[in-house]
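Participant: Quick check, what structure comes out for this input:
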Amino acid sequence: MTGEQITDGRWKDDTIMEKLNQADAIVFGSPTYMGGVAAQFKSFIDNAGVWFDQGWKDKIAGGFTHSSSPSGDKEGTLLYLATHAAQQSMIWVSIGDLPSNYFGKDDGVNRLGAFIGVMGQSAIDMSGKPPEIESGDALTAQRYGERIAIATQRWQK
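Facilitator: Model prediction:
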């Protein structure tokens, strides 16, 4: 989502909305800024047209967030995403992986200990270099995508 898609404080992009309406599942994602979703994502959520028709009812949903802090109040962002999905009458899929540190594994899966959705964290590099995604966070996201795909296939039967 970009600022160009926001007009008069509301997000609008008919092409993207049509793709979302046709999708079997939607995974919402936003960086966590100041304990919540980015302003651009909030503008997308506030475009409630599909809500009035319950157009996403029974569609599979999930969510992820990322910030520079290990906590950063990312749980607040994930709760916001799950609440939005509930208001759309969607079916939310949890992460499905225990934190890797529970079993002494070193793959980093769910290293931040989230259950409602995926949390990622990258350190800020003040030199302007793009942040690097931790390998465990990338693996967690991949496994979550696979879980959502499986849930979507089951739900469609």
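
Participant: list the helices and strands the longest helix anywhere in the chain packs on?
Facilitator: The single longest helix within the chain, with elements called by DSSP state H, is helix 135-156. Helix 135-156 is packed against strand 25-31, strand 60-67, strand 118-121, with contacts defined by 3 or more Cβ pairs under 8 Å, 6 or more residues apart in numbering; DSSP states H and E. To be clear about C-beta, it is placed using only N, CA and C from the backbone, and glycine gets the same treatment.

Participant: change it to 6 Å
Facilitator: strand 60-67, strand 118-121 (3 or more Cβ pairs under 6 Å, 6 or more residues apart in numbering; DSSP states H and E).

Participant: and that helix, how far from the chain's centre?
Facilitator: 12 Å (Cα atoms, centre = their mean, to the nearest Å).

Participant: likewise stretch 14-30?
Facilitator: Mean-position distance between stretch 14-30 and its chain equals 12 Å (Cα atoms, centre = their mean).

Participant: now do stretch 144-157
Facilitator: The answer for stretch 144-157 is 16 Å, by Cα atoms, centre = their mean.

Participant: got the contact list for it?
Facilitator: Stretch 144-157 is contacted from outside by 24-25, 60, 62, 93, 95-96, 118, using Cβ atoms under 6 Å, 6 or more residues apart in numbering.

Participant: again with stretch 28-37
Facilitator: Contacts of stretch 28-37 with the rest of the structure, by Cβ under 6 Å, 6+ apart, involve 38, 41, 63-67, 72-74, 76-77, 80-81.

Participant: could you redo the last one with a cut-off of 7 Å?
Facilitator: 38, 41, 61, 63-67, 72-74, 76-77, 80-81, 84 (Cβ atoms under 7 Å, 6 or more residues apart in numbering).
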